[in-house]
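1. what follows is a predicted protein model with its sequence.
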Amino acid sequence: MGNTKITFIGAGNMAASLIGGLCKQGVHAHNINASDPGEAQLEKLKSTYAIHIFTDNQLAVKGADIIVLAVKPQIMRQVCEQLAVAVTDQQLVISIAAGITSDSLIRWLGVHTIIRCMPNTPALIQQGVSGLYATKAVSTQQRKQAEQLLSAVGLAVWLENEQLIDAVTAVSGSGPAYFFLLIEAMTEAGIKLGLPADIAAQLAQYTAQGASNMACQSTLDAAQLRQQVTSPNGTTDAAIRAFQQGGFNQLVETALRSAASRSQELAQQLSE
Ligand SMILES: NC(=O)C1=CN([C@@H]2O[C@H](COP(=O)(O)OP(=O)(O)OC[C@H]3O[C@@H](n4cnc5c(N)ncnc54)[C@H](O)[C@@H]3O)[C@@H](O)[C@H]2O)C=CC1
Ligand SMILES: O=C(O)[C@@H]1CCC=N1
């Protein structure tokens, strides 16, 4: 990232994951600003990574090459309108908010150099994945900078259609929570089958990690890898049948459609 100066507006969960990932990747802390009214989380970030902290958003964006908007969708308009006097078209604005369209951001901020990004919290351990969409005003150099920023904390993929950000939100933005839910459920089931709680949790966590790494590294697809585990009429077969009888695939589709719809709903509600 060289000497690129990055300011985070909002220093909550997602900003902390990105800042943590960037610092662990060797980005200099003196190139990172974070602004938030919550002094406790700012102090935590400062003591952990030695970044610059601010409680005044307008001061925080001064001199920044990239401004990452990492506040909740519901307060994005207020934050952008307050920042409008301080942000210029020379600065790249990356919004990570679910559901807030680039049209709204352009209108509220008065600048056109907008990238919408949907990252996820595993960015903290450099294993995030982000979908990115750039508006026409974003230069090739700025696209490169955004890609470098998000690639420092995981995989970054470009989308040519902004509406697909809703699908990315449903699959990978919210996705870590689905896997945590499965880990929780497998741990609870393991405990009910008689395992000590700590061992049940480790078995579920390491199984998720191993399966995910295999899926990422293998030339086989997920269905083929699943078949390798599934002996005909064996134990896995019994479990998979139970999942399928319970409508597992349909349930996953319904859940992801709900996430995407919520993202579209936020866009509609918050676009005025
Ligand atoms: N948490 C996640 O897994 C992901 C979140 N996102 C998006 O990231 C954004 C932030 O989400 P989280 O980090 O989870 O929320 P969060 O609630 O943890 O962080 C938001 C932060 O904004 C701060 N804030 C409130 N008013 C402010 C103001 N006027 N100026 C500056 N900061 C202000 C809050 O004090 C808080 O620290 C949301 O728009 C969300 O859609 C996107 C991808 C994944
Ligand atoms: O739950 C949310 O709204 C945010 C967006 C993606 C993950 N967390």
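-> Received the coordinates, thanks. Numbers count the residues shown, from 1 in each chain. Ligands and ions are numbered 1, 2, ... in the order given.
2. quick check: buried residues in stretch 143-151?
-> 145-147, 149-150 (16 or more other C-beta atoms under 10 Å). Heads up, the C-betas are built off the backbone N, CA and C, glycines and all.
3. burial of the closest residue to ligand 2 within the stretch 151-272 of the chain, as a residue count?
-> As assessed by C-beta to the nearest ligand atom, ligand 2 sits closest to Gly173 within the stretch 151-272 of the chain, at 3.5 Å. Neighbours of Gly173 under the rule other C-beta atoms under 10 Å: 25.
4. all helices for the stretch 51-200 of the chain, in order.
-> Taking DSSP state H, counting those that start in this stretch as the criterion, the stretch 51-200 of the chain carries its helices at 57-60, 73-83, 102-109, 140-151, 164-168, 175-192, 197-217.
5. deepest of those, which one?
-> helix 164-168 (a mean of 22; mean count of other C-beta atoms under 10 Å).
6. other residues contacting that helix?
-> Identification of contacts with helix 164-168 by C-beta atoms under 8 Å, 6 or more residues apart in numbering yields 99, 116, 118, 131, 133, 159, 260, 263-264, 267.
7. same question, stretch 70-89
-> 8-12, 14-15, 18, 57-58, 61-62, 67, 69, 93, 95-100, 104-105, 108-113, 137, 266, 270.
8. I'd like to know which of those residues are buried.
-> If you count burial by 16+ other C-beta under 10 Å, the buried members of the contacts of stretch 70-89 come out as 8-11, 14-15, 18, 57, 61, 67, 69, 93, 95-100, 104-105, 108-109, 111, 113, 266, 270.
9. spit out the contact partners of the closest residue to ligand 2 within the stretch 1-150 of the chain.
-> Ligand 2 sits closest to Ala98 of the stretch 1-150 of the chain, with a gap of 3.9 Å, by C-beta to the nearest ligand atom. Going by C-beta under 8 Å, 6+ apart, Ala98 touches 73, 118, 169, 173, 262-263, 266.
10. need the residues you listed in CSV (columns: pLDDT).
-> Below are these laid out as CSV (pLDDT from 0 to 100):
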residue, pLDDT
Pro73, 96
Met118, 98
Thr169, 98
Gly173, 98
Arg262, 96
Ser263, 95
Leu266, 93
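11. among the residues you listed, name the ones in strands.
-> Of the contacts of Ala98, the ones assigned to strands by DSSP state E are Met118.
12. filter the contacts of Ala98 down to the ones near ligand 1?
-> Counting by C-beta under 6 Å from any ligand atom, 73, 118, 173 from the contacts of Ala98 sit close to ligand 1.
13. in a markdown table, list those residues along with distance to Asp89.
-> Listed next are those as a markdown table, based on distance: C-beta to C-beta, whole Å:
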| residue | distance to Asp89 |
| --- | --- |
| Pro73 | 24 |
| Met118 | 23 |
| Gly173 | 27 |
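14. in the stretch 151-272 of the chain, what residue is nearest ligand 1?
-> Here the residue of the stretch 151-272 of the chain nearest ligand 1 is Gly173; by C-beta to the nearest ligand atom that distance is 4.4 Å.
15. before we move on, what about the stretch 1-150 of the chain?
-> Here the stretch 1-150 of the chain gets closest to ligand 1 at one residue, Gly12, 1.8 Å apart by C-beta to the nearest ligand atom.
16. list the contacts for that residue?
-> Taking C-beta under 8 Å, 6+ apart, we find Gly12 in contact with 36, 38, 41, 70-71.
17. are any of those residues buried, and if so which?
-> Using 16+ other C-beta under 10 Å, the buried ones in those are 36, 41, 70-71.
18. keep those, but drop any that are not near ligand 2.
-> Applying C-beta under 6 Å from any ligand atom to the buried ones among the contacts of Gly12, none is adjacent to ligand 2.
19. which two in these are spaced the farthest apart?
-> The most widely separated members of the buried ones among the contacts of Gly12, counting by C-beta to C-beta, are Gln41 and Val71 (12.6 Å).
20. make a markdown table out of the buried ones among the contacts of Gly12 and add pLDDT and distance to ligand 1.
-> Below are the buried ones among the contacts of Gly12 laid out as a markdown table (pLDDT from 0 to 100; distance: C-beta to the nearest ligand atom, whole Å):
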| residue | pLDDT | distance to ligand 1 |
| --- | --- | --- |
| Asp36 | 98 | 4 |
| Gln41 | 91 | 5 |
| Ala70 | 98 | 5 |
| Val71 | 98 | 4 |
